[in-house]
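> sharing a sequence plus its predicted fold:
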Amino acid sequence: MDQRFLLEKYQMDKSDRLNMNKPLGCKKVCIVSFTPVFDEPRVCRQARALYEAGADVTVIGYKGRGKCPSFWNFIELNLHPQISSSKTPSPLSKQKNILLKIMNVGIVRISQYAKRFQKLSLLLLSRFSKHAAISFFWRNHEYQNVKKNIPPVAADLYIAHDYFTLPIALYLSSIHPGKVAFDAHEHATTQYAHSLWFRWIEAPYVHSLQEYLFPHVHCFTTVCDGIADLLKKEYHLPQKPFVIRSTPFYEAHDFKKTDPKNITLLYHGGISPMRGLEEVIESAPSWHDHLTMIMRGHGDPHYINKLKEIIKNYSLCNKIRIESSVAASRLVSYAHRDADIGYFAQPQISPQKRYTLPNKFFEYTMAGLCLVVNKGYEMKKLCDHYQNGVFVNSLTKEDIAHCLNSLTPEVIDRCKEKSLHAAKELCFDREGEKMIQEYASLF
């Protein structure tokens, strides 16, 4: 038999074998996220898993503080319209210039008010019309600018992170046809339920926009069962969205015995209102002397300063400190190094809050910490199963202090050991495999 034929056959067989191990081999995947994507854990983990499954990965988003992974094709977003003009003013008399300026200001202001009224009308109409909702979306100058300036990325699969990136992903797929997947990080219509404006104005718009967009989506994923059930029910989806938990990749960490004279509580993540941070600070005067806390994250400087002022007013500067966030790749290792307890307890005021299952829950677990969380449906279910944490009964300062003070070094160490065991299951090595199988099934 011809040796060249045998060589070609061998190379084809080898390629087939490689593709068997890489379910998305030769597929192009484009991820769209309006976040600093280098620092967005879910995007980074998803992109890595897709790459390891053989996909050519393009990520569209903002730059983060970290480095762009070498295997990404990165397209940086710039949502601020660039105003430029090649026209130069014609020589006019001073009086004519003044008159034209006055006329221009009047015309511009009338035009601005008309546009604002039109946009507001569309926003209000969105409660009744999904077509008004998509029209309102595209009236946003920032989204218009993205649509205008984004290169026409050719992909087999476009993955939109959160509802406000979905129109962009669908726009790209209309230029270069490909499947569109939607990854819901939140239950968007109740995400800011503490705000009256959001409940009455923005939430109906978000609901109508999703009603318009969802029929064009080929695959739905989300972070937990509770949100998956709500989305299926509210939008009459043909099947429940596939759940991909926001777990980190597995990291092996040694058990770290708790020092009874120095027990450190950690909160890491977004530092923002309605996350129970003010309540935990106000409980601190009643803590045992050996308890201290680190709040590590990013947020609105005004809110962070407000928290620092509360800390100062309660004379807690030696007990609670606020630190800048760290790179996503170091979240777990720094948590393991610095803390004994991972804390997250927020007000249960909406489905979004009740069903929340955040990155930090799994990062604390991977770091081998004892978890202190509230009895939200998803977190309670996992904590009950793995026995790696305790629950705060309510967000009163008395209940928080009682819960933390009841944690003996023995209880903390027992939960730490359980977390290290649970980490082998609650990792993106497993979640990523499920995600890849779901996406591969589209082709």
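All right, it came through fine. Numbering: from 1, shown residues only.

> not counting the helix or strand in which residue 283 is found itself, show me its contacts.
For residue 283, the element it lies in under DSSP states H and E is helix 277-283. Contact partners of helix 277-283, identified using Cβ atoms under 8 Å, 6 or more residues apart in numbering, comprise 267, 271, 293, 295, 307, 310-311, 314, 316, 320, 343, 345, 395-398, 400-401, 404. Where you see a C-beta, it was placed from the backbone N, CA and C, and this is true even at glycine.

> those residues in helices, which ones?
Using DSSP state H, the subset of those located in helices is 307, 310-311, 397-398, 400-401, 404.

> selecting buried members of those in ChimeraX, what would you type?
With 16 or more other Cβ atoms under 10 Å as the burial test, the buried ones among these are selected in ChimeraX as follows:
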select :307,310,311,397,400,401,404
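
> could you work out the most separated pair of the ones in helices among the contacts of helix 277-283?
Largest separation among the ones in helices among the contacts of helix 277-283 by Cβ to Cβ: 307 and 398, giving 20.2 Å.

> hey, what's residue 392 bridged with?
residue 374 (DSSP bridges).

> so it sits right up against residue 376, yeah?
No - with contacts counted by Cβ atoms under 8 Å, residue 392 stays clear of residue 376, the gap being 10.5 Å.

> confirm that residue 264 sits in a helix.
No - with DSSP: H, G, I helix; E, B strand; the rest coil as the criterion, residue 264 is strand rather than part of a helix.

> so who does it touch?
Residue 264 makes contact with 292-294, 338-341, according to Cβ under 8 Å, 6+ apart.

> just the buried members of these?
Buried subset of the contacts of residue 264 (neighbour count, 16+ other Cβ under 10 Å): 292-294, 339-341.

> name the nearest of those residues relative to residue 412.
Each of the buried ones among the contacts of residue 264 was checked against residue 412 using Cβ to Cβ; the closest is residue 340, at 5.6 Å.

> wait, what's in contact with that closest one?
Contacts of residue 340 were listed using Cβ under 8 Å, 6+ apart, and they are 256, 258-259, 263-265, 369-370, 412, 416.

> likewise residue 237?
Residue 237 makes contacts with 214, 220, 231, as judged by Cβ under 8 Å, 6+ apart.

> for it, what is the enclosing helix or strand?
When elements are defined using DSSP H and E, residue 237 is found to belong to no helix and no strand.

> so that it lines up with my notes, have the first residue be 656 from now on.
Happy to do that; since the first residue is 656 now, the last one works out to residue 892.

> for it, give its distance to residue 1035.
Relative to residue 1035, residue 892 is positioned 26 Å away (Cβ to Cβ, to the nearest Å).

> does residue 993 touch residue 921 like I think?
Yes - counting by Cβ under 8 Å, residue 993 does reach residue 921; the two are 6.5 Å apart.

> residue nearest the centroid of the protein?
Centrality entry for the chain: nearest residue to the mean C-alpha point is residue 840, 5.5 Å, by Cα atoms, centre = their mean.

> hang on, residue 835 packs against residue 873?
Yes - under the contact definition of Cβ under 8 Å, residue 835 touches residue 873, with a separation of 5.6 Å.

> quick one, which of the two is more surrounded?
Taking neighbours as other Cβ atoms under 10 Å, residue 835 and residue 873 compare with residue 835 leading, 24 against 14.
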